[in-house]
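Participant: 3D model of this:
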Amino acid sequence: MPPSVTLLGPQRRPTLDRVLAALDVRGPIAAVTAGWQERETDDAELMSLLGERGLNLRLHARWMDVLQADPDYARAEREHRVVLDELQQLYLLRLDHALRATYAVAHRTDGHPRIQAIALDDALAVVQQIDEMHLGRIAELRAAFRDAWQPYDREMVVKHREEVAGALLHADCLVVAGGHVGDLLAVLDLFRVADGLPHRIVAWSAGAMALTDRVVLFHDRAAHAPAQAELLDTGLGVAPGFVALPHARRRLRTDDLLRMSVLARRFAPARCLVLDDGVTVDLDAGAPPAQARVIDPDGRIVEVDV
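Facilitator: Okay, the predicted model is just below:
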């Protein structure tokens with residue numbers, strides 16, 4: 001059975017303890033704070049919310065241990081990340097041109113409505129094609145790296161993976177915090193966390209993003225200029241059919257219906273899930289409850305009709 005997933009809004013004012021109580025989580029709770037990077041073990045507040053049942057899996061520290069013990073692999077991994085970063089920058093260059101063209105088409109008001117709609121659909125299809133090609137290239141590069149370096153079979157990785165699997169085997173719940181989503185995805189993959197998930201997962205911010213099919217970075221309110229929403233990578237896929245948008249109202253120009261509409265239509269049929277402060281979204285049976293909010297094709301934030 002796939003795990004039951006609960007996605008939360010940002011935990012600046014924590015709701016985690018109340019959510020775990022409402023979900024009747026009684027057994028041990030494994031925690032992932034790897035997105036906090038070097039601050040991974042600054043987890044006193046989180047552990048207090050978990051009571052005496054929490055165990056930090058320390059995935060970031062385990063990753064650093066692997067790199068220190070295996071310098072050849074560490075060098076190869078750094079080079080691999082440089083290649084992926086370059087791929088991301090070139091993708092963003094193509095994506096920016098395609099999205100600017102999409103907005104230009106959408107802003108035209110002097111044409112025939114039917115032709116206008118066709119042109120907009122075609123422009124969005126180009127954006128979607130760039131997205132899919134990018135994910136395909138990432139997959140190709142990652143497969144080549146794995147074939148060359150066999151990361152899952154390296155001695156220190158196996159050691160840590162077995163320890164993580166043992167902790168997950170006894171866990172009643174896994175909680176995944178936010179932080180740097182790229183590092184979070186890297187360690188979840190390296191230690192094959194998806195292979196031993198407990199029956200309940202609770203996640204927020206970058207942790208929520210990491211559980212979806214496709215991880216999307218977004219920030220309409222960046223200091224220099226609105227940034228184009230970009231596909232970063234694939235996630236664990238245990239929350240399929242959604243694009244998680246933490247801090248959505250802080251980061252999105254929700255009053256720009258055109259921009260919001262393009263975002264929703266671009267990633268359809270996946271639904272853009274708004275995860276603001278205080279939000280709790282249960283994904284049992286693959287469908288969110290009525291209080292969940294998504295961006296509809298017209299660019300409005302609406303409650304899901306279930």
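Participant: which stretches of the stretch 201-306 of the chain form helices?
Facilitator: With helices called from DSSP state H, counting those that start in this stretch, the stretch 201-306 of the chain shows them at 206-210, 248-251, 257-267.
Participant: wait, which of the ones you listed is closest to residue 66?
Facilitator: With CB to CB as the measure, helix 206-210 is the member of the helices of the stretch 201-306 of the chain nearest residue 66 (19.4 Å). Glycine gets a C-beta too; all of them are placed from N, C-alpha and C.
Participant: Check what contacts that closest one and list those residues.
Facilitator: Under the criterion CB atoms under 8 Å, 6 or more residues apart in numbering, residues 7-8, 32, 35, 175-181, 184-185, 188, 203, 215-216, 235-236, 239, 244, 246, 275 lie in contact with helix 206-210.
Participant: now it, how far from the chain's geometric center?
Facilitator: 4 Å (CA atoms, centre = their mean, to the nearest Å).
Participant: and if you look at stretch 183-201?
Facilitator: Centre-to-centre, stretch 183-201 and its host chain are 13 Å apart (CA atoms, centre = their mean).
Participant: In CSV, could you pull the C-alpha coordinates for that stretch?
Facilitator: What follows is stretch 183-201, C-alpha atoms only, in CSV (Å, rounded to 0.1, in the frame of the first residue of the first chain):
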residue,chain,number,x,y,z
ASP,A,183,20.2,18.7,-1.3
LEU,A,184,17.1,17.2,0.1
LEU,A,185,16.4,15.3,-3.1
ALA,A,186,20.0,14.2,-3.4
VAL,A,187,20.1,12.5,0.0
LEU,A,188,16.6,11.0,-0.3
ASP,A,189,17.8,9.4,-3.5
LEU,A,190,21.3,8.4,-2.4
PHE,A,191,20.0,6.5,0.7
ARG,A,192,17.0,5.1,-1.1
VAL,A,193,14.5,6.4,1.4
ALA,A,194,11.6,5.7,-0.9
ASP,A,195,12.3,2.0,-0.7
GLY,A,196,11.3,1.8,3.0
LEU,A,197,8.7,4.5,3.7
PRO,A,198,6.4,4.0,6.7
HIS,A,199,2.7,4.1,6.2
ARG,A,200,2.4,7.8,7.1
ILE,A,201,4.4,10.8,5.9
